[in-house]
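> Let's see this in three dimensions:
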Amino acid sequence: MNVLKIKETCIYTRDLEIARDFYNQVLGFPVLSHVADKHIFFRVGSSVLLCFNPDDSSTKSSPPPHYGKGKLHFAFEVPDKDYLDVKMKIRKLGISIIDEVIWQGGKESFYFEDPLGNVLEILPDAGVWD
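Numbering: from 1, shown residues only. As a prediction, the model looks like this:
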């Protein structure tokens, strides 16, 4: 298999408006699709963040049913040169950074939560997984 990347990341919430307010209005990710009480999808760079209402997605027949719960984690990669600016912007938005890690090789990343309780991470595009 020659997989290029993970194309989609999926989280679950019954309150799609909270997801819209945070990911679109606060972080600035464009909305690709929004069906009330079912889902909202956002463009995140070359990837897509899918937010499904688990009451709907767990009962579908196609695509297959799926759902999750708890504090999910995913990371956003930013250009190395923009990392500190993004960190400052997150703070200026009033979002609390809940952890910072220095990885092997000296690169750092930071973590914060969305209003749904998911744990998000920002990391530079060079160094963390290289």
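
> which outside residues touch stretch 93-105?
Residues lying outside stretch 93-105 but in contact with it, judged by Cβ atoms under 8 Å, 6 or more residues apart in numbering, are 26, 87, 90-91, 108-113, 119, 127-128, 130. Every C-beta, even on glycine, is put in place using the N, C-alpha and C of the backbone.

> and A126, how many neighbours does it have?
Burial of A126, expressed as a neighbour count using other Cβ atoms under 10 Å, amounts to 14.

> can you tell me the helix or strand for it?
Using DSSP states H and E, A126 maps to neither a helix nor a strand.

> Mind pulling up the pLDDT for the nearest residue to it once chain neighbours are set aside?
Using Cβ to Cβ, 6 or more residues apart in numbering and skipping the chain neighbours, the partner closest in space to A126 is D80 (4.8 Å). On the pLDDT scale, D80 is placed at 92.

> what do you get for the one 5 residues further on?
In this prediction, D85 carries a pLDDT score of 97.
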